[in-house]
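Trainee: need a structure here:
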Amino acid sequence: DEAQSQLKTFEVYYRFRRKDGEYRNIYDTGTFLSDGGKAKRMLGMLSDVTELMLSRMALTQSDNRFRSLMNNLNVGVALYDVNMVPVMHNKTAFTLLGMTESQFVGTAAMDNEWNVIDSDGDRMKPKDFPIPMCIKEKKAIKQVVMGVFRPITKDRVWLMVDVEPIYDHNNDLLHVICTYMDFSARKRMEEVLKEKNQQLTASTKEVERRNERLLEFAQIVSHNLRSPLSSIAGLSDLYFNSNEKDQDQAVSYIKDVCKKALETIDDLNKVLKVQQGDRIRSEKLRFEDCLSSVIELMKISLSEKDIVVDADFMQAPVIKYPPIFLENILLNLLSNSIKFCLKKEKPKVIIRTKRIKNTVILYFTDTGLGIDLSKHKEDIFSFGKTFHLNMDSKGVGLFLVKNQIRTMGDEIEVDSKVNEGTTFKIVFKNQYE
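Mentor: So this is what the prediction gives:
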């Protein structure tokens with residue numbers, strides 16, 4: 001009636017029941033024709049839109065099922081246009097990123113506000129993100145691992161990201177679809193596995209290091225006991241094949257050889273203790289206190305040779321180290337300085353320390369005989385090696401020093417000139433203040 005009175009076009013949908021009992025959906029539209037301003041006739045059309053309505057209902061149901069499926073996925077899914085603006089997404093997409101839906105919709109895929117790192121921990125530039133890369137290269141970008149900082153929860157989530165291009169019928173890029181899953185648990189497992197592998201590698205190296213020590217020790221034992229045992233065997237033959245006078249002489253020789261053998265065994269025990277040094281605990285020590293103890297032991301020898309000890313530990317007064325090791329290092333170096341002192345006016349021993357970050361360096365310098373490094377550089381720290389004639393030296397001290405320092409993972413270097421003196425530089429690592 002309203003359409004007729006106002007001469008308007010009308011549209012109406014309704015259902016009716018046919019004679020055979022089936023219901024049909026009808027679309028009815030009509031226009032009134034006027035004569036003198038009054039409706040005289042109507043031009044109308046009826047259309048059976050049952051199939052169209054059924055198709056729309058099926059499409060709506062399908063769309064609802066699709067959206068329900070999308071929103072229940074534990075994988076983030078987002079559709080972006082070529083300007084990298086999200087046009088469709090599921091709930092997981094913004095939840096995984098620690099954002100609200102409005103934040104997600106308002107943030108482009110190449111926004112500089114993104115705080116993202118790659119699998120190596122390096123900061124990623126927006127141009128290297130998977131979505132810009134896919135749009136630029138017009139090809140799929142697969143399995144990119146990214147660590148995304150989440151502003152709401154203030155933590156970083158690791159994501160595995162895949163991006164696929166979508167083209168229109170003209171093969172022009174229309175959209176890109178991005179999927180990403182939470183990779184954090186696997187990333188943590190990888191980091192744990194990496195740490196375990198590093199520990200295994202370190203343990204393997206330690207076993208190899210101990211095996212090298214064992215082999216070295218076995219070689220030292222074999223080498224240093226062969227000579228006295230051979231002498232004892234020879235003297236035994238002499239004893240049993242000689243007269244009484246020669247037997248007494250043989251017994252005297254055997255006693256001397258046995259004494260030397262016992263000294264060798266004592267030296268080897270010292271080496272063994274050093275090689276078991278990883279069982280010795282470190283303590284906070286003052287260089288000055290340790291040196292004072294050593295000087296007290298050596299004061300008579302120092303006085304006899306009139307040696308001046310000039311020590312300054314101001315730059316690095318303290319170290320964390322096994323007391324027995326530090327005292328033995330200072331004792332052996334000072335003992336060598338006394339033993340190989342040049343007979344000149346006021347021989348000196350100069351000791352200094354300094355700190356470089358988490359490293360403490362000890363410089364130990366004397367003005368003694370020195371060593372010809374062109375001849376002996378490779379043997380300086382070898383067991384039983386001596387470099388000066390007619391000196392009471394067994395070549396054990398520097399070997400012990402080197403092994404104690406190596407046991408702690410530290411380093412020792414030597415610089416020496418004949419008749420001028422020697423400087424030892426010891427680098428103590430991992431000395432945190």
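Trainee: so Met133 touches Met146, yeah?
Mentor: No. Under the criterion of C-beta atoms under 8 Å, Met133 makes no contact with Met146, lying 11.9 Å away. The way it works is simple: take the backbone N, C-alpha and C, and place the C-beta from them, glycine included.
Trainee: More neighbours: which of those two?
Mentor: Neighbour count, other C-beta atoms under 10 Å: between Met133 and Met146, Met146 has more, with 21 against 16.
Trainee: Show the contacting residues for the more buried one.
Mentor: Contacts for Met146 (C-beta atoms under 8 Å, 6 or more residues apart in numbering) come out as 116-119, 124, 129-130, 158-159, 161.
Trainee: Buried only: go through the residues you listed for me.
Mentor: With burial judged by 16 or more other C-beta atoms under 10 Å, the buried subset of those is 116-117, 124, 129-130, 158-159, 161.
Trainee: From the residues you listed, which land in strands?
Mentor: Using DSSP state E, 116-117, 158-159, 161 are the members of the buried ones among the contacts of Met146 that sit in strands.
Trainee: Tell me the one among the buried ones among the contacts of Met146 nearest to Lys91.
Mentor: Set against Lys91, the nearest of these by C-beta to C-beta is Leu159 (15.7 Å).
Trainee: So what sits opposite that closest one in the bridge?
Mentor: Met146, Asp182 (DSSP bridges).
Trainee: ok, it - contacts?
Mentor: By C-beta under 8 Å, 6+ apart, the neighbours of Leu159 are 76, 96, 145-148, 180-183.
Trainee: mind putting these in JSON lines, distance to Thr31 and pLDDT included?
Mentor: Below are the contacts of Leu159 laid out as JSON lines (distance: C-beta to C-beta, whole Å; pLDDT from 0 to 100):
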{"residue": "Gly76", "distance to Thr31": "52", "pLDDT": "86"}
{"residue": "Leu96", "distance to Thr31": "55", "pLDDT": "83"}
{"residue": "Val145", "distance to Thr31": "64", "pLDDT": "89"}
{"residue": "Met146", "distance to Thr31": "61", "pLDDT": "88"}
{"residue": "Gly147", "distance to Thr31": "65", "pLDDT": "89"}
{"residue": "Val148", "distance to Thr31": "59", "pLDDT": "87"}
{"residue": "Tyr180", "distance to Thr31": "55", "pLDDT": "88"}
{"residue": "Met181", "distance to Thr31": "57", "pLDDT": "87"}
{"residue": "Asp182", "distance to Thr31": "60", "pLDDT": "87"}
{"residue": "Phe183", "distance to Thr31": "63", "pLDDT": "85"}
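Trainee: got those as CSV, with distance to Glu206 columns?
Mentor: Below are these laid out as CSV (distance: C-beta to C-beta, whole Å):
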residue, distance to Glu206
Gly76, 45
Leu96, 42
Val145, 32
Met146, 36
Gly147, 33
Val148, 39
Tyr180, 41
Met181, 39
Asp182, 37
Phe183, 33
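Trainee: Which positions within stretch 31-39 qualify as buried?
Mentor: For stretch 31-39, burial by neighbour count (16+ other C-beta under 10 Å) applies to Phe32.
Trainee: I misspoke; the intended subject was stretch 133-149.
Mentor: By 16+ other C-beta under 10 Å, the buried positions in stretch 133-149 come out as 133-135, 141, 144-148.
Trainee: so how far is that stretch from its chain's centroid?
Mentor: Chain-centre distance of stretch 133-149: 26 Å, with C-alpha atoms, centre = their mean, to the nearest Å.
Trainee: hmm, back to that, go through the contacts of Met146 and name the one nearest Arg18.
Mentor: Distance to Arg18 across the contacts of Met146 (C-beta to C-beta) is lowest for Val161, with 56.0 Å.
Trainee: Could you double-check that that closest one lies in contact with Tyr180?
Mentor: Yes. When contacts are counted by C-beta under 8 Å, Val161 is listed as touching Tyr180 (4.5 Å).
Trainee: residues near the closest residue to Thr153 other than its chain neighbours, how many?
Mentor: Distance criterion C-beta to C-beta, 6 or more residues apart in numbering; nearest residue to Thr153, sequence neighbours excluded, is Gly98 at 4.8 Å. Neighbour count for Gly98, taken as other C-beta under 10 Å: 18.
Trainee: If you count contacts, what does the one helix or strand Val77 maps to end up packed against?
Mentor: Per DSSP states H and E, Val77 falls inside strand 76-81. Packing partners of strand 76-81 (3 or more C-beta pairs under 8 Å, 6 or more residues apart in numbering; DSSP states H and E): strand 86-89, helix 91-96, strand 173-182.
Trainee: how about JSON lines for the ones you listed, with mean neighbour count added?
Mentor: Below are the helices and strands packed on strand 76-81 laid out as JSON lines (neighbours: other C-beta atoms under 10 Å):
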{"stretch": "strand 86-89", "mean neighbour count": "16"}
{"stretch": "helix 91-96", "mean neighbour count": "19"}
{"stretch": "strand 173-182", "mean neighbour count": "18"}
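Trainee: Reformat the ones you listed as a markdown table; add distance to Asn241.
Mentor: A markdown table is the format used below for the helices and strands packed on strand 76-81 (distance: least, C-beta to C-beta, whole Å):
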| stretch | distance to Asn241 |
| --- | --- |
| strand 86-89 | 103 |
| helix 91-96 | 94 |
| strand 173-182 | 88 |
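Trainee: wait, which of the ones you listed is closest to Thr204?
Mentor: Closest approach to Thr204 among the helices and strands packed on strand 76-81 (C-beta to C-beta): strand 173-182, 34.2 Å.
Trainee: name the helices or strands packed onto that closest one?
Mentor: Where contact means 3+ C-beta pairs under 8 Å, 6+ apart, strand 173-182 is packed against strand 76-81, helix 91-96, helix 130-137, strand 155-167.
Trainee: Least reliable of these by average pLDDT, please.
Mentor: Among the helices and strands packed on strand 173-182, helix 91-96 carries the lowest mean pLDDT, at a mean of 83.
Trainee: which stretches of the stretch 1-150 of the chain form strands?
Mentor: Along the stretch 1-150 of the chain, the segments classed as strands by DSSP state E, counting those that start in this stretch run 10-17, 23-35, 38-48, 76-81, 86-89, 116-118, 141-150.
Trainee: which one of these lies closest to Phe424?
Mentor: strand 116-118 (45.1 Å).
Trainee: chain center to the closest one: distance?
Mentor: The answer for strand 116-118 is 17 Å, by C-alpha atoms, centre = their mean.
Trainee: Which strands and helices lie in contact with that strand?
Mentor: Counting contacts by 3+ C-beta pairs under 8 Å, 6+ apart, strand 116-118 packs against strand 141-150.
Trainee: Could you tell me the angle between the strand it packs on and strand 155-167?
Mentor: Interaxial angle, strand 141-150 versus strand 155-167 (axes from the mean of the first three to the mean of the last three C-alpha atoms, to 10 degrees): 140 degrees.
Trainee: how about Ile254, secondary structure?
Mentor: With DSSP: H, G, I helix; E, B strand; the rest coil as the basis, Ile254 sits in helix.
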